[in-house]
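Engineer: Sequence and predicted structure below; questions after.
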Amino acid sequence: MAVIIFDEDHLLISAIITFAMQLIFFIIAATFQFDKVTDFAGGVNFIIIAILTLVLSE
């Protein structure tokens, strides 16, 4: 049974999570002048959104 949070395709929850994660990692990168964390954030974000949509669709 699929879990419907905001919409059937989980686009809004994915956008909210992506925005929040990118904002947090941007603040860290801007504070410490460390750009490598943004590459890590992009990869982790992709994995989390992929797993989230898989779990919510089942």
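Structural biologist: Received the coordinates, thanks.

Engineer: out of everything not next to it in sequence, what's closest to the most centrally placed residue in the chain?
Structural biologist: For the chain, T18 is the residue whose C-alpha lies nearest the centre (CA atoms, centre = their mean; 3.3 Å). Using CB to CB, 6 or more residues apart in numbering and skipping residues adjacent in sequence, the residue nearest T18 is N45, 5.8 Å away. Where you see a C-beta, it was placed from the backbone N, CA and C, and this is true even at glycine.

Engineer: where's the residue nearest to the centre of the chain relative to L11, distance?
Structural biologist: Distance, T18 to L11, by CB to CB, to the nearest Å: 10 Å.

Engineer: do the same with T38
Structural biologist: T38 is 23 Å from L11, by CB to CB.

Engineer: These two: who's more crowded?
Structural biologist: Using other CB atoms under 10 Å, the more surrounded residue of T38 and L11 is T38, with 14 against 11.

Engineer: which residues touch the more buried one?
Structural biologist: By CB atoms under 8 Å, 6 or more residues apart in numbering, T38 lies in contact with 25-26, 29.

Engineer: Make CSV from these and add distance to I51, neighbour count and pLDDT to it.
Structural biologist: Shown next, in CSV, are the contacts of T38 (distance: CB to CB, whole Å; neighbours: other CB atoms under 10 Å; pLDDT from 0 to 100):
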residue, distance to I51, neighbour count, pLDDT
F25, 18, 18, 92
F26, 22, 13, 92
A29, 24, 17, 91
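
Engineer: out of those, which one sits closest to L54?
Structural biologist: Nearest to L54 among the contacts of T38: F25, at 22.7 Å, using CB to CB.

Engineer: What does the pLDDT read for the residue nearest to T18?
Structural biologist: On pLDDT, N45 comes in at 94.

Engineer: D7 too?
Structural biologist: Reported pLDDT for D7: 74.

Engineer: so how far is I48 from it?
Structural biologist: Taken as CB to CB, the span from D7 to I48 is 18 Å.
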